[in-house]
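1. Show me the folded form of this:
(chains A and B)
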Amino acid sequence: MRSTTLYDEGGLKWIAMGRDPETRDDIIDTVQYMVVADGEALLIDPGGIEIFPQVLTEVTSHVEIAKIGGLFASHQDPDIASSMSLWSDLAEGLTVITPKIWIGFLTHLSLGTELTFEGLPDHGGSVPIGRSGRNLKAIPAHYCHSSGNFSLWDSRSRILFSGDIGAALLPDRVGDLFVADFDAHIQYMEGFHKRWMPANAPLRAWVSRVRELKPDMICPQHGSIFRGENVGRFLAWLERLDVESLDPSRQAALV
Amino acid sequence: MATKESFPSTLIQSLLSGSEVQNRVRTVGDFTLDMELVAVDGLVGAARLGGIQKGPVSALASALAELPPRIKTNLAEMEVICLGYARALSASAYIALRYQSHKDGLAAMRAEGKSDALSLTNIKHVEELQRSYHLAFEESLFEAREALRSVRAKLGDFEAIVRSVQHVGSYMAIEAAALEDGSGNFTSLAGEIHRQALRLADVLGALLDDTNNSELLMTNRNGGLAA
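-> This is a model prediction of the structure:
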């Protein structure tokens, strides 16, 4: 696994961790993120138990473990945060910040430990970057795909963590972390969105919310990061995408 | 702890062994019902008898009727003990899983070979956590073994019941031989009592094997969770 610094200015740092050639082929590839503000850290969708050792290695090359104060889990899937109890073991006082509706479900992944949760209401709220006193903003992304789901916005770096929105299933797990050729990238996103996103309306609403933010970077949890002109291209593509039509994958699932 | 490769299967086997003990205990419930039916046969048969033979056969039938409630009481206690054992086992397995994950994490951090202050601080942090988990794992194994000891002690109570059943069965056979009328019924009843006693003895033997297997999976330093 390797780390890529996405932003580093004024004591604020965004780090993406992924592209691990040693991840087993039967595990969906993920990109994990961490925001560090004044030495205090927030883990963002830090991944499943299977990749915990690799993520730990990357995290600890940037920040002191004791300084990890928070873990943001955008939704309830196991690839998002099934490692959360291990992080909680390591970082005393760690708070798991997640959609309120998923707390009772995520507790099933506590592995016998008591986790501290902070539930985000449907309209969103502030997400602290550890104990730094700085905050990110949870942007509602419900039904994209999960029924309780948030993106995370940082107005300072203008980075938006989008979770499964913009996700791509790439054939090459070790390629460039940033989308280089948007048109060529569509083929890796389309199937994912048509299969996992349940409806058009929530996607359109999300696009509208995100356009107002004017992000410089959109960072999904699978695939590649959009920056520069590709941010606008991605939003335009997503706005037009019809996920309700019965593509072969959906049709097969409905039989 | 087991090796990284064998750990998941050892963990699952260990948890499964706890379920096997619980499921086996539940089969004793079927045995209780069958014993109740045998006891009813005994009581009804004894009630039909007259004369001098009625006394000893009635006493045996009453002794037989006392056994199902004894089994039921012990069974209820055994279920509670088994639940405690399964809980101790799952707590131990959780700790083992977390211990193993942190151990893998530490190994990955060390493999980087970094010697800067931040890396050394973090490695020390994980080492301390791993040490505390090692102690916690040993403690949880101790608790699981204590729970297993309670299961075995309760198995001892059941063995006493088996001996009582066999005893009643043997006396019933003796009394049946002395009966002039209806000896056939009591002979077959005595046979049924012996069959039930053997059945319970078989279940207890299998339960003992389950507990031994479970203990091996937990504590064996060569392939078990504690390896």
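
2. and residue B:144, how far is that from chain A?
-> 13 Å (Cβ to the nearest Cβ, to the nearest Å). Placement of C-beta: from N, CA and C, glycine included.

3. got the contact list for the nearest residue in space to that residue that is not next to it in sequence?
-> Leaving aside its sequence neighbours, residue B:144 sits nearest to residue B:88 (Cβ to Cβ, 6 or more residues apart in numbering or on different chains; 4.1 Å). Residues near residue B:88 by Cβ atoms under 8 Å, 6 or more residues apart in numbering or on different chains: B:140, B:143, B:144, B:146, B:147.

4. which SSE is residue B:88 in?
-> helix B:54-111 (DSSP states H and E).

5. Find the closest residue to chain B in the stretch 1-150 of chain A.
-> residue A:112 (3.4 Å; Cβ to the nearest Cβ).

6. tell me the SS of that residue?
-> Here residue A:112 is coil, with the state taken from DSSP: H, G, I helix; E, B strand; the rest coil.

7. So what does it have for phi and psi?
-> With angles defined as degrees, to the nearest 10, residue A:112 sits at phi 80, psi 0.

8. what sits against it?
-> Residue A:112 touches A:85, B:90, B:91, B:94, B:95, B:98, counting by Cβ under 8 Å, 6+ apart.

9. Give me the neighbour count for the fifth one.
-> The local packing count at residue B:95 equals 23, with neighbours defined by other Cβ atoms under 10 Å in any protein chain shown.

10. how close does it get to chain A?
-> For residue B:95 relative to chain A (Cβ to the nearest Cβ), the value is 7 Å.

11. can you pull the contacts of that residue?
-> A:112, B:133, B:136, B:137, B:140.

12. Could I have the buried ones of these as ChimeraX selection syntax?
-> Applying 16 or more other Cβ atoms under 10 Å in any protein chain shown to those, the buried members can be selected in ChimeraX as follows:
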select /B:133,136,137,140
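
13. can you list the residues of chain B near chain A?
-> Contacts of chain B with chain A, taken as Cβ under 8 Å from any Cβ of the partner chain, map to B:90-91, B:94-95, B:97-98, B:101-102, B:104-105, B:107-109, B:111-112, B:114, B:118-119, B:121-123, B:125-126, B:129, B:133.

14. Verify the stated contact: residue A:128 with residue A:94.
-> No: judged on Cβ atoms under 8 Å, residue A:128 makes no contact with residue A:94 at a distance of 11.8 Å.

15. Can you list phi and psi of residue A:176 for me?
-> Residue A:176 adopts backbone torsions of phi -60, psi 140, taken as degrees, to the nearest 10.

16. scratch that, residue A:138
-> The phi/psi pair for residue A:138 (degrees, to the nearest 10) reads phi -80, psi 120.

17. who touches it in this structure?
-> With Cβ under 8 Å, 6+ apart as the criterion, the residues that contact residue A:138 are A:72, A:97, A:120, A:124, A:125, A:126, A:127, A:150, A:151, A:152, A:153.

18. Return the set of buried residues in the one helix or strand the last one maps to.
-> Read it as residue A:153. Following DSSP H and E, one finds residue A:153 within strand A:150-154. Within strand A:150-154, the residues that count as buried by 16+ other Cβ under 10 Å are A:150, A:151, A:152, A:153, A:154.

19. Just checking: what are the partner strands of it?
-> Applying DSSP bridges, strand A:150-154 is found paired with strand A:135-140 (antiparallel), strand A:159-163 (antiparallel).

20. what number of residues lie near residue B:168?
-> 26.

21. Would you mind naming the residues that bridge with the spatially closest residue to residue A:227 that is not a sequence neighbour?
-> Leaving aside its sequence neighbours, residue A:227 sits nearest to residue A:217 (Cβ to Cβ, 6+ apart; 4.6 Å). When bridges are called by DSSP bridges, residue A:217 pairs up with residue A:159, residue A:227.

22. and residue A:217, how many neighbours?
-> Neighbour count for residue A:217, taken as other Cβ under 10 Å: 22.

23. what sits against it?
-> For residue A:217, counting by Cβ under 8 Å, 6+ apart, the contacting residues are A:6, A:7, A:157, A:158, A:159, A:160, A:225, A:226, A:227, A:231.

24. Please convert the buried members of the residues you listed into PyMOL selection syntax.
-> Here is the PyMOL command that selects the buried residues among the contacts of residue A:217 (16+ other Cβ under 10 Å):
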select buried, chain A and resi 6+7+157+159+160+225+226+227+231
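
25. The residue of chain B found nearest chain A and residue A:96, how far apart?
-> Here chain B gets closest to chain A at one residue, residue B:94, 3.4 Å apart by Cβ to the nearest Cβ. Distance, residue B:94 to residue A:96, using Cβ to Cβ, to the nearest Å: 17 Å.

26. and what of residue A:46?
-> Residue A:46 is 10 Å from residue A:96, where distance means Cβ to Cβ.

27. same check, this time on residue A:207
-> Taking Cβ to Cβ, one finds residue A:207 at 28 Å from residue A:96.

28. who's more crowded, those two?
-> Each of residue A:207 and residue A:96 has its neighbours counted (other Cβ under 10 Å); residue A:96 has more, 24 against 19.

29. Now that that one has come up, it's in contact with residue A:115, right?
-> Yes: counting by Cβ under 8 Å, residue A:96 does reach residue A:115; the two are 5.6 Å apart.

30. what touches both of these two?
-> Common neighbours of residue A:96 and residue A:115 are listed as A:84, A:88, A:106 (criterion: Cβ under 8 Å, 6+ apart).

31. so the last one is in which element?
-> Translated: residue A:106. helix A:103-106.

32. can that helix be found next to chain B?
-> No: contact of helix A:103-106 with chain B (Cβ under 8 Å from any Cβ) is absent, the minimum separation being 15.8 Å.

33. Below-threshold pLDDT in the chain: ranges please.
-> No chain specified, so I'll use chain A. Residues of chain A that meet the criterion pLDDT under 70 lie in A:255.

34. Correction: the question concerned chain B.
-> B:1-9, B:11, B:50-53, B:180-184, B:218-227.

35. neighbours of residue A:201, just the number please.
-> Using other Cβ under 10 Å, residue A:201 has 10 other residues around it.

36. Same question for residue A:237.
-> There are 19 residues near residue A:237, going by other Cβ under 10 Å.

37. Next, find the distance separating it from residue A:190.
-> Residue A:237 is 9 Å from residue A:190, by Cβ to Cβ.

38. What of residue A:167?
-> In terms of Cβ to Cβ, residue A:167 sits 11 Å off from residue A:190.

39. ok, now residue A:181?
-> 15 Å.

40. Which one's more surrounded, the two?
-> In terms of neighbours (other Cβ under 10 Å), residue A:190 is the more surrounded of residue A:181 and residue A:190; the figures are 15 against 9.

41. hmm, who's touching the strand or helix carrying residue A:56?
-> If you go by DSSP H and E, residue A:56 is part of helix A:52-59. When contacts are defined by Cβ under 8 Å, 6+ apart, helix A:52-59 is touched by residues A:1-3, A:15, A:17, A:20, A:22-23, A:32, A:34, A:41, A:43, A:46-47, A:65, A:68, A:83, A:86, A:90, B:101, B:104-105, B:107-109, B:111-112, B:126.

42. I'd like the next helix or strand past that helix.
-> Toward the C-terminus from helix A:52-59 - assigned by DSSP H and E - lies strand A:68-72.
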